[in-house]
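1. Here is a sequence with its predicted model. Questions after.
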Amino acid sequence: MAHPPPINKVVGPRLAMQTEAPIAKLSDPTSFDHKTDPEVASASDGYGADIVLSNERELVANVISTEDDPSLNPSEIYYFKPQTITVSLMFLAVISYIIGFAMETFIPRRGFLRYLNPHPFNKKENAFIVIMASAASNAAAATEVLAVQRLYYGISPNPVTSVFLLFSSQMLGYGIGGVMRSILLYPSKMFYPTVLPLASMLDTLFQDGKAAQRKIKIFWLAFSGIFIWELFPEWIFPLLTGISVFCLAAPNNATVSRLFGGSNGNEGLGFLSICLDWQYVAVLNPLAIPLKALLSALFGYLFCIIILMSVYYNNIWEAKNFPLVCTIYIYGRKSCLTQLLQLSQLLFYENGTVYDQSQILNSNYEVDAALVAKQGVPYYASTWVVYLLGTNLALTATITHLILWNRDDLRSAWSWLSLESVRRRWKAFNWRICLQDSQHDRPKMHEDLDPHYAQMLKYPDAPNSWYTLIALVSFITALVVIYKSDSTLPWWSLVVAILLAALFILFVVTFYAMTGIPLSIQTFVQMIAGYLHRGKPMANMYFVLYSYNTMNQAQVLLRDLKIAQYTKLPPRIAFMAQVTGTLFGAILNYAVMNSIVDNQHDILLSVQGTNVWSGQQVQQYNSQAIAWGAFSHELFSIGSRYQWVLLAYLIGLFVPVPFWLVYRYWPKFRTDFIYTPIICGLIGTLSAGINSPPTVFFIVGFFSQGWLRVRHPAWFQKYNYILAAALDGGTQVMVFILSFAVFGAAGYTHLFHAWWGANQGGNYDHCLYLQ
C-alpha cells in the first residue's frame with residue numbers, strides 16, 4: 001500500500017492567512033496578548049524571512065502544523081508499590097510510536113493479517129493511542145477511597161457499587177469540562193503550552209521532506225543523549241542532582257544546609273544549586289512555559305526563599321521544632337518513581353514528634369472530642385502552613401485576576417446556562433443522541449479563533465448534549481453511590497462539592513491553559529469538608545473525591561482534547577478514546593485494587609510494608625482525611641493558631657487589583673506581565689521535595705523563551721519544542737527502566753556503591769545532614 005501524501009508540511013504565516021483569513025486576522029487586536037510584548041516568537045514561511053509572531057494564535061499556527069489530511073484514520077498496581085510509577089504523556093507517545101512503527105513494518109500486508117495492517121501508522125493513530133492510554137493508565141482516585149474503607153473502616157461496598165463509584169467520579173469532570181469547551185479549548189489564548197512539545201514531536205515524526213529529516217535527526221540525537229545521561233544523575237553520580245558550591249565549601253554548617261542544600265528530601269531550599277537531572281528540572285518543562293509565566297514564577301520563588309527562612313529563624317508557629325523541609329524517603333533512590341512520605345502534611349505534637357491520630361478515634365473511626373482534649377491540638381510544620389497560605393492566596397487571586405483581565409471570556413463561559421441558550425438547545429435536542437446536531441458553531445469574523453480549531457470544523461463535533469448527558473448520568477449515579485457505599489456524605493454536600501468543582505474548572509483550568517502552571521484546590525476542599533462534616537473523615541474523602549478529582553479530570557479532558565485539536569484527530573474519535581479509556585481503566589483499577597487488598601491486607605496496614613508492597617499512600621490518604629476532618633475548626637478558624645490560612649482566601653481576592661489599576665492608568669509600567677496567582681502559588685513551593693532544580697529551570701526557561709525566541713526566532717520555531725519533547729521522552733524512558741532495574745519497582749533496590757559522587761550515607765551534595 002502506498003504511503004499517504006505528506007500531511008504535516010510546515011506552513012508559514014502567508015499560507016495561514018490565505019487559508020484562515022475569513023475566520024480571524026493574523027494579528028487580531030482582540031487577542032489576549034495584543035500589546036507591545038517582548039514575549040514574541042517568529043517563524044519562517046517555508047524557508048523565507050523571519051516574521052515576528054505577536055500572540056498565542058500565531059505561535060501555535062507556526063510551531064504546530066495547521067495542515068490536515070482527513071483521509072487518515074485515525075496502572076493501578078503501582079499505587080500499592082513502595083515506589084510510585086507515573087506514566088507520562090511523552091512516555092506513552094514514544095512507546096506507542098515505536099510499537100506502532102514496528103507493527104507496521106513486521107505485520108504482513110497480504111493474506112488474513114492484512115486487516116491488522118491496512119495502512120501505514122500515522123499521526124492521528126498515535127494521538128488516539130496517547131489519549132486513550134493516558135485516560136486508562138492513571139489510578140482512579142476512587143480506588144483510594146475504596147481501599148481506605150476496606151482497610152481502616154471494615155466497609156466493603158459491593159462490586160457494582162464500587163465500579164459505579166469509579167465511573168461517576170471519573171466521568172463527572174469530563175462532562176462538566178466538555179460543556180465548557182467553547183471557552184477552555186477553542187480560543188487560541190487557551191493554547192496549553194505544556195502539550196506543545198508533544199504535538200511538535202508527533203508533527204515531526206510523521207513529516208516528510210528534507211527539513212523534517214533534520215528535525216527528526218535532532219530529535220533522536222537529543223533523545224539518545226539524554227537517555228544515556230540520565231543514568232548518571234539518577235544512579236551512578238547522584239551529586240549531579242544538586243551541585244552546591246556553598247555546601248562543598250561549608251559541609252558542616254546547618255544554616256548553609258538549610259538555605260543551599262537541595263539534592264535530597266528533608267534537606268534545604270536549594271538556593272543557587274545546579275541540578276543536572278532533567279527529570280527534576282522539567283517537572284514543568286522550562287522550554288514550554290511562556291516568558292511571562294516564567295517571570296512571575298521567578299518572583300514567587302524568590303519570595304518563597306525569603307519567607308520560609310524568615311518564618312523558620314523567627315520561630316513563627318514554633319517553626320524550629322520541626323524540619324525546614326519535611327520530606328523523607330522510605331525506599332530507594334529519590335525520584336518521581338520513589339514514594340515520598342511528606343511529613344510536612346502530617347500533624348505534630350509541639351515537641352516535634354509525629355501526632356498519633358489513632359489516639360483520637362473512637363471504635364467507629366470517628367473523632368472523639370474527649371480524646372482530642374487529652375492529646376491536645378496538634379501542629380503543622382510551619383513551612384507547610386506557608387504552603388497553605390500561598391495556595392489559598394493563589395486560588396482566590398486567580399478568580400480576581402481572570403475577572404479583571406478576561407471578564408468577557410468568563411461571561412461567555414456561562415452563556416450556555418442562559419434562558420435563551422437552554423431554550424435553543426431544548427428546541428434542537430434529539431432524544432436519539434447519535435443524531436444530535438453535530439455541527440460546530442460557526443465562529444464570527446472577529447473571534448480570536450485557534451487556527452487548529454478552524455481546521456477541525458470540517459469534522460462532525462461531539463455535541464454538548466453528549467457531555468451534558470455524561471455529567472447528568474454521573475451525578476445521578478453519584479447520588480445513589482454515596483448512600484450505597486456508606487460514605488456518610490449527605491446529598492446536599494455532594495451538590496456543594498460538584499458546584500465547587502464547576503467553579504474552579506472555569507478559573508483554574510483557564511489559568512492552566514494560558515500559562516501551563518497547574519493550581520491545586522485539594523487543601524481548600526479538604527478544609528471546606530472539615531467545616532461541613534466535623535469529625536467525619538470518610539465524608540471528607542468523598543467530598544474531596546467529587547470536587548478536587550472532578551476538577552482534575554476536567555483539566556485532563558481539556559488538555560487531551562487540545563492534543564486532538566493540534567493533531568487534527570476528529571472530535572468524536574477523541575471523545576470515544578477518552579470515554580472508553582477511562583471506563584476500561586476504571587474497571588481494571590478496581591479489579592487490581594480488590595485483588596491486592598484481598599491478598600496483601602496485613603502488609604498494607606503495616607507501617608514498614610515490604611520491598612514489594614506498601615500501604616503508605618493509603619495510610620497517608622486516610623491520615624489527611626482524619627486531620628482535616630478533625631481539626632479544621634481548631635486550627636484554621638478566626639482566632640486560632642493558623643487563622644491566616646483562612647484569611648488568605650479573602651486577602652487573595654485583592655492581590656491582583658493594584659497591578660490592574662497600575663496598568664489601567666499607567667500602562668507603561670507593564671504590570672500586565674505579572675501573574676499574581678503564580679507568585680502567590682509559589683510562596684510555599686519549597687516546603688517539601690527536592691529543591692535543587694529551580695536555578696537551572698529558570699536559566700533554561702529564560703534562555704529559550706527570552707533569548708532564543710527573540711534573537712533566533714526561526715531556530716526557536718523549528719527546534720525548540722521538538723528538543724523539549726526529546727529531552728522529556730529520553731529522560732522518562734530511562735527513568736522507567738531504572739525504576740524496575742535498580743529502584744525497587746520489581747521488588748529489590750540496588751543503589752550504586754558509595755563514592756564521593758554518590759554519598760549514600762548522607763546528602764548527595766555533601767551538605768550537613770540534619771536530623
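-> It's in.
2. And Met201, how far from Met90?
-> Counting by CB to CB, to the nearest Å, the separation of Met201 from Met90 is 8 Å. The way it works is simple: take the backbone N, C-alpha and C, and place the C-beta from them, glycine included.
3. what touches both of the two?
-> Counting by CB atoms under 8 Å, 6 or more residues apart in numbering, the shared contacts of Met201 and Met90 are 725, 729.
4. Give me the most central residue, the chain.
-> Closest to where the C-alpha atoms of the chain average out (CA atoms, centre = their mean) is Pro518, at 5.8 Å.
5. Check whether that one sits in a helix, strand or coil.
-> Three-state assignment for Pro518 (DSSP: H, G, I helix; E, B strand; the rest coil): coil.
6. In terms of pLDDT, where does the closest residue to Leu240 other than its chain neighbours sit?
-> Closest residue to Leu240 apart from its sequence neighbours, by CB to CB, 6 or more residues apart in numbering: Pro233 at 3.8 Å. You'll see Pro233 listed with a pLDDT of 93.
7. one step back: so how far is Phe673 from the nearest residue to the residue nearest to the centre of the chain once chain neighbours are set aside?
-> Leaving out its chain neighbours, the residue that sits closest to Pro518 by CB to CB, 6+ apart is Tyr512, at 5.3 Å. Tyr512 sits 19 Å away from Phe673, going by CB to CB.
8. how many neighbours does Lys668 have?
-> 8 (other CB atoms under 10 Å).
9. now it: how far from Ala293?
-> Taken as CB to CB, the span from Lys668 to Ala293 is 22 Å.
10. With Leu248 instead?
-> According to CB to CB, Leu248 and Ala293 sit 33 Å apart.
11. How about Arg423?
-> For Arg423, the distance to Ala293 equals 40 Å [CB to CB].
12. Those two: who's more crowded?
-> Using other CB under 10 Å, the more surrounded residue of Arg423 and Ala293 is Ala293, with 23 against 10.
13. Isn't the more buried one up against Ile674?
-> No - look at Ala293 against Ile674 with CB atoms under 8 Å: they stay out of range, at 10.5 Å.
14. returning to that earlier point: pLDDT at the residue nearest to the centre of the chain, what is it?
-> On the pLDDT scale, Pro518 is placed at 90.
15. Report the contact partners of it.
-> Taking CB under 8 Å, 6+ apart, we find Pro518 in contact with 508, 512, 555.
16. which regions of the stretch 51-200 of the chain lie under the pLDDT threshold?
-> 51-87, 138-140 (pLDDT under 70).
17. So which residues of it form helices?
-> 56-63, 89-106, 123-137, 141-152, 159-179, 181-184, 196-205 (DSSP state H, counting those that start in this stretch).
18. just to revisit the earlier point, which one of Tyr512 and Phe673 has more residues nearby?
-> Tyr512 (21 against 17).
19. where's that one, which helix or strand?
-> According to DSSP states H and E, Tyr512 maps onto helix 510-515.
20. Give me the next element, helix or strand, following that helix.
-> Where DSSP H and E defines the elements, the next helix or strand beyond helix 510-515 is helix 522-532.
21. what is the mean pLDDT for the helix or strand hosting Leu723?
-> Following DSSP H and E, one finds Leu723 within helix 721-741. Averaging pLDDT along helix 721-741 yields 89.
22. Equivalent analysis for stretch 696-706, please.
-> Across stretch 696-706, the average pLDDT comes to 95.
23. residues of it that come out buried?
-> 696-698, 700-702, 704-705 (16 or more other CB atoms under 10 Å).
24. Redo the residues you listed as TSV? Include secondary structure and distance to Met309.
-> Formatted as TSV, the buried residues of stretch 696-706 follow (DSSP: H, G, I helix; E, B strand; the rest coil; distance: CB to CB, whole Å):
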residue	secondary structure	distance to Met309
Val696	helix	21
Phe697	helix	20
Phe698	helix	19
Val700	helix	25
Gly701	helix	24
Phe702	helix	24
Ser704	helix	30
Gln705	helix	29
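25. quick one: which of the residues you listed is nearest Val372?
-> Set against Val372, the nearest of the buried residues of stretch 696-706 by CB to CB is Phe697 (42.2 Å).
26. residues in contact with Ala513?
-> Taking CB under 8 Å, 6+ apart, one finds 184-185, 189-192, 558, 562 in contact with Ala513.
27. Can you tell me how far the residue nearest to the centre of the chain is from Ala93?
-> From Pro518 to Ala93 the distance is 20 Å (CB to CB).
28. Then Ala136?
-> 15 Å.
29. With neighbour numbers in mind, choose between the two.
-> Ala93 (27 against 23).
30. which residues does the closest residue to the more buried one other than its chain neighbours contact?
-> Leaving aside its sequence neighbours, Ala93 sits nearest to Val130 (CB to CB, 6+ apart; 5.0 Å). By CB under 8 Å, 6+ apart, the contact set of Val130 is 89, 92-93, 96, 198, 563.
31. Which is the succeeding secondary structure element to the longest helix along the chain?
-> Longest helix of the chain, by residue count under DSSP state H: helix 537-567. Downstream of helix 537-567, the next assigned helix or strand under DSSP H and E is helix 571-599.
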